[in-house]
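**Q** okay, sequence plus prediction incoming.
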Amino acid sequence: MSIGERDAFEAFLYEARPYYESIGDVTMRVMWRDERRFREIFEYHTEAAYHADDERVTSDPVMAGYLTRWRSFLESGPEVSVWREMDLGET
């Protein structure tokens, strides 16, 4: 991703973030490894928020538009993984 492309991508993320987080109980972050690689992290604060967003991804036309635009910035398909925090209990 060139500097101009990265700037456009970051502008897109600033635009999309309020919508991504609009279901509540979700926080989006982006971490850059270098000029071409990044990690976009969605932290769901509840299992219900995760499921609500999963449903939105499959059925919401506004989300479909954002995802189409997001993919247009990628050189190849995204790698998606789901991680769940381990409950260590209270100390």
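**A** Happy to help now that I have it.
**Q** residues near residue 9, how many?
**A** Here the number of neighbours of residue 9 (other Cβ atoms under 10 Å) works out to 18. (Each C-beta comes from the backbone N, C-alpha and C, glycine too.)
**Q** what helix or strand is it on?
**A** Residue 9 is part of helix 3-20, with elements assigned from DSSP states H and E.
**Q** tell me the strands beside whatever helix or strand comes next after that helix, with direction?
**A** Heading C-terminal from helix 3-20, the first helix or strand you meet, by DSSP H and E, is strand 26-32. Strands flanking strand 26-32 in the sheet, each with its direction: strand 38-44 (antiparallel) (DSSP bridges).
**Q** what sits against the residue lying closest to residue 6 once chain neighbours are set aside?
**A** Once its chain neighbours are removed from consideration, residue 6 has its nearest residue in residue 35; the separation is 6.6 Å (Cβ to Cβ, 6 or more residues apart in numbering). If you count contacts by Cβ atoms under 8 Å, 6 or more residues apart in numbering, residue 35 has them with 1, 3, 6.
**Q** and those, which is closest to residue 68?
**A** Residue 68 lies nearest to residue 1 out of those, by Cβ to Cβ, at 17.6 Å.
**Q** could you check how many residues crowd around the closest one?
**A** Neighbours of residue 1 (other Cβ under 10 Å): 17.
**Q** number of residues surrounding residue 44?
**A** Summarising burial for residue 44: neighbours were counted as other Cβ under 10 Å, giving 19.
**Q** so it makes contact with residue 25?
**A** Yes: taking contacts as Cβ atoms under 8 Å, residue 44 lies within contact range of residue 25: 6.4 Å.
**Q** roughly how far apart are the nearest residue to residue 44 once chain neighbours are set aside and residue 24?
**A** Across the structure, with Cβ to Cβ, 6+ apart as the measure, the residue nearest residue 44 apart from its sequence neighbours is residue 50 (4.0 Å). Between residue 50 and residue 24 the computed distance is 12 Å (Cβ to Cβ, to the nearest Å).
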